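> From the sequence below, what's the structure:
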Amino acid sequence: MITLERFFNEIAPLSGDEWEALLEISELSTFKKEQYIVQKDSSFLHEVFIEQGIVRAFLIDSAGNEKTTAFFTDGEFMSTSTLRTKNGRSMHFYQTLCPSKLVLFPSDKIKSFLSQTKKLSKIGRAIKDSEIDRIFNRDKTLLQNKASDKYCCFLAHYPTLESKISQKYIASYLGITPVSLSRIKQELRKSQLITIDNNSLAER
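Residues are numbered from 1 along each chain as shown. Below you'll find the predicted structure:
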């Protein structure tokens, strides 16, 4: 679990005993592409760390359309159980977008582990702060008036994600159609080419 170890060490390095205690409550699970981790309204009392892979959260509207609400990538925790569930039931679907390795922790056990010392509590706060940041960036993206601005916000928050997943998931996250997303990308490419040409002319 190299990625998990790196995550903890960047915030507050664990001692050998602490790392051993963390591993005792962890379970490394492998998931196939587009496999469900959690389905809406199901009980899943675990915290999930993405050791390797990509996970999305989504809802299905009354017309049967999927609405992506979040992405999680290597080195991140999924939304915490507290924010992910209501009355013990998941409020979203969670699905892998590529072959993935996930580290699962029983929610009660890892919460107890992260409350033992000030150092471990610091890690717990960092996980919560990351979730707050994700929600803030999601809101910031959706508040943009122009679809092209929404797309640029998405790229700023997820700079390495676009080439790794289907464009339909990005379009769903932005609240537009895949056709509209394709058009936006073409327009942005054209505007960048114009800028480059103008700079070249100015240099001449």
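> helix/strand/coil for Arg56?
strand (DSSP: H, G, I helix; E, B strand; the rest coil).
> center of this structure, which residue is that?
Phe72 (1.8 Å; CA atoms, centre = their mean).
> does that residue really touch Met78, like I thought?
Yes. Between Phe72 and Met78 a contact is recorded at 5.1 Å, counting by CB atoms under 8 Å. For the C-beta atoms, the positions are set from N, CA and C on the backbone; glycine is no exception.
> Now do the shared contacts for these two.
Residues touching both Phe72 and Met78 (CB atoms under 8 Å, 6 or more residues apart in numbering): Ile50, Val55, Ala57.
> need those residues in a markdown table with neighbour count and pLDDT, can you?
Putting these into a markdown table (neighbours: other CB atoms under 10 Å; pLDDT from 0 to 100) gives the following:
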| residue | neighbour count | pLDDT |
| --- | --- | --- |
| Ile50 | 22 | 97 |
| Val55 | 23 | 97 |
| Ala57 | 23 | 96 |
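> Just the pLDDT for the residue nearest to the centre of the chain.
Per-residue confidence (pLDDT) for Phe72: 96.
> Which residue, other than its chain neighbours, is closest to it?
Val55 (4.4 Å; CB to CB, 6 or more residues apart in numbering).
> Break the protein into its domains for me.
2-143, 145-204 (automatic domain parsing).
> of all those, which gets the most neighbours per residue?
domain 2-143 (a mean of 16; mean count of other CB atoms under 10 Å).
> what helices or strands is the helix or strand hosting Thr3 leaning on?
Taking DSSP states H and E as the criterion, Thr3 maps to helix 2-11. Packing partners of helix 2-11 (3 or more CB pairs under 8 Å, 6 or more residues apart in numbering; DSSP states H and E): helix 16-24, strand 46-52, helix 118-142.
> If I take that helix and helix 16-24, what angle do their directions form?
140 degrees (axes from the mean of the first three to the mean of the last three CA atoms, to 10 degrees).
> Pull the distance from helix 2-11 to the chain's centre.
From the chain centre to the centre of helix 2-11 is a distance of 17 Å (CA atoms, centre = their mean, to the nearest Å).
> could you give the angle of that helix to helix 118-142?
Going by the same axes, to 10 degrees, helix 2-11 makes 100 degrees with helix 118-142.
> what's the angle between helix 2-11 and strand 46-52?
Using the same axes, to 10 degrees: helix 2-11 against strand 46-52 is 100 degrees.
> Quick check: mean pLDDT of helix 2-11?
94.
> does Asp41 count as helix, strand or coil?
coil.
> Surely it is in contact with Asn87?
No. Applying CB under 8 Å as the test, Asp41 and Asn87 come out as separate, 9.8 Å apart.
> So the residue nearest to Phe72 sits against Leu97, correct?
Yes. At 7.0 Å, Val55 counts as touching Leu97 under the criterion of CB under 8 Å.
> Might you list the low-confidence residue ranges for this structure?
Where the chain drops to pLDDT under 70, the residues are 193-204.
> was I right about Ser100 contacting Arg56?
No. Look at Ser100 against Arg56 with CB under 8 Å: they stay out of range, at 11.0 Å.
> May I see the shared contacts of Phe72 and Met78 arranged in JSON lines, with distance to Leu161 as well?
As requested, the shared contacts of Phe72 and Met78 are exported to JSON lines (distance: CB to CB, whole Å):
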{"residue": "Ile50", "distance to Leu161": "12"}
{"residue": "Val55", "distance to Leu161": "11"}
{"residue": "Ala57", "distance to Leu161": "14"}
